[in-house]
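Colleague: after the sequence you'll find the predicted model.
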Amino acid sequence: MKPFVVIRKLEGADNLQCQTVVKDFVMAGAWDAFVSCLFREITLQLVVIVWAIMFIFFGIPLLMCCMAIPIVVGLILFTTYGSYFNKANELAIRGGNKLCWVAEMYEPLVFDGPLEIDRFYEDVPKVDKAQLSKMRRKIVGTISCRSHLILENSGWIYRLAVSPRYPFAEIAEQLIIRVLSNAFDNQLFTVETVTSECDECIREVYLKLGFTLRLAYHKQIVGNTLKVMKSLIGIDPFEWNQNREQIKVELEN
């Protein structure tokens, strides 16, 4: 039997697996962020500053000051991975709430073929119990939604994470759909979230489901030198429900 995924509510026993998924997902983006930082203006500025400090204060010969380059690269690497590590722990510890769902993967106990998700189910897998006993279960994704802090009767999506070893787009789509279905059932006016420039794959999934860009802004990290572009995106659950047939990513009923 091929692997399949069940999208269901978070249970108490899922917390530890969810924390692992969140940490792995966040840390998977650390390398791309590090490479992005290397080609920013602040990297060259740091090299010049360290070069000057080594020459003026420590009397190191000018040509030997080229050691400033690996020092700066190491500093950026340490800072980037340190910030992502803190972010991963913060999101994992924050945990979910009553509006938290997980993607639970069902895989055969012995499976050597390529990972292809056969189908998605909602809450309960419609599979014979004898078949289920031959499969192992594992949490591979999670998503949470809370009340919007600014807009009334609106939702805010946070803590979307999928295990890096599994197809992100397929699983993330179904998790987001589950949140939007809940928002429509509860008659929320809008659902919003925010993505950064390093989250291109996440933003593409949201846009595919009908989210639209509502605000683009730069968040300052180090003064005016280092900034990260953020995108506020949102969707009207009522309009989304009307266009569900066009999106073609329905959950199995």
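Modeller: Done, it's in.

Colleague: just give me the longest helix of this structure.
Modeller: Secondary structure of the chain read by DSSP state H shows that its longest helix is helix 68-94.

Colleague: just how off-centre is the next helix or strand after that helix within its chain?
Modeller: Under the assignment DSSP states H and E, the closest C-terminal helix or strand after helix 68-94 is strand 100-108. From the chain centre to the centre of strand 100-108 is a distance of 17 Å (Cα atoms, centre = their mean, to the nearest Å).

Colleague: quick check: mean pLDDT across the helix or strand just after strand 100-108?
Modeller: The C-terminal neighbour of strand 100-108 among helices and strands, as given by DSSP H and E, is strand 120-122. For strand 120-122, mean pLDDT is 86.

Colleague: and strand 120-122, how far out from the chain's middle?
Modeller: Computed by Cα atoms, centre = their mean, the chain-centroid distance of strand 120-122 equals 21 Å.

Colleague: now swap in stretch 26-34 and tell me
Modeller: 11 Å.

Colleague: buried stuff in that stretch?
Modeller: Buried residues in stretch 26-34, counted by 16 or more other Cβ atoms under 10 Å: 26, 28-30, 33-34. C-beta coordinates here come from the backbone N, C-alpha and C atoms, glycine included.

Colleague: closest to Ser163 among the residues you listed?
Modeller: Ranked by distance to Ser163 (Cβ to Cβ), these are led by Ala28 at 9.1 Å.

Colleague: give me the pLDDT for that closest one.
Modeller: 91.

Colleague: please name the residues that touch it.
Modeller: Applying Cβ atoms under 8 Å, 6 or more residues apart in numbering to Ala28 gives the contacts Pro164.
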